[in-house]
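**Student:** Pasting a predicted model and its sequence here:
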Amino acid sequence: MKTSKQLFDRRRGRVRGKISKRSRGRVRLSVFRSGRHIYAQVIDDKSGNTIASASSLEKDLRSSLKNGSTVEAAGEVGKLVAERAKKAGVEQVVFDRGAYLYHGRVKALAEAAREAGLSF
């Protein structure tokens, strides 16, 4: 029987494989969701560099949010990472949800990033 970590890695590999086939040279908006916080990075896989990042741990977000594990916090992180990516000259990304379902905090982050101007 597979452990939950093995199943998680298998799902993440499946998603990443599909992303690499369909990315057509675009950068990747990667999401990591923990029990207490949410993190987002815009990554250029060709050069291996992180272009922009944001998380619910940042001081300006921590002061305005009650908790880093809410849908509202994910929305704020999505807006912030989109603003930073646009400032760096990135308009088009591929959304990498990892092994997480497109639901709840992950969906809120993606929708906020779209509203802030990222296209995916």
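**Tutor:** Yes, it's here. Small disclaimer: the values here were computed from a predicted structure and weren't measured.

**Student:** Just list what the helix or strand of the chain with the lowest mean pLDDT packs against, helices and strands only.
**Tutor:** When each helix and strand of the chain is scored by mean pLDDT, DSSP states H and E, helix 59-64 comes last, with a mean of 91. Contact here means 3 or more CB pairs under 8 Å, 6 or more residues apart in numbering; DSSP states H and E; on that basis helix 59-64 packs against helix 71-87. Placement of C-beta: from N, CA and C, glycine included.

**Student:** what's the helix or strand just after the helix it packs on in contact with?
**Tutor:** Sequence order places strand 93-96 as the next helix or strand after helix 71-87, per DSSP states H and E. With CB atoms under 8 Å, 6 or more residues apart in numbering as the test, strand 93-96 has contacts from 15-16, 19, 22-23, 26-31, 42, 85, 110, 118-120.

**Student:** what is the orientation angle of the helix or strand just after strand 93-96 with helix 71-87?
**Tutor:** For strand 93-96, the following helix or strand on the C-terminal side (DSSP H and E) is helix 105-115. Taking axes from the mean of the first three to the mean of the last three CA atoms, to 10 degrees, one finds helix 105-115 and helix 71-87 inclined to each other by 40 degrees.
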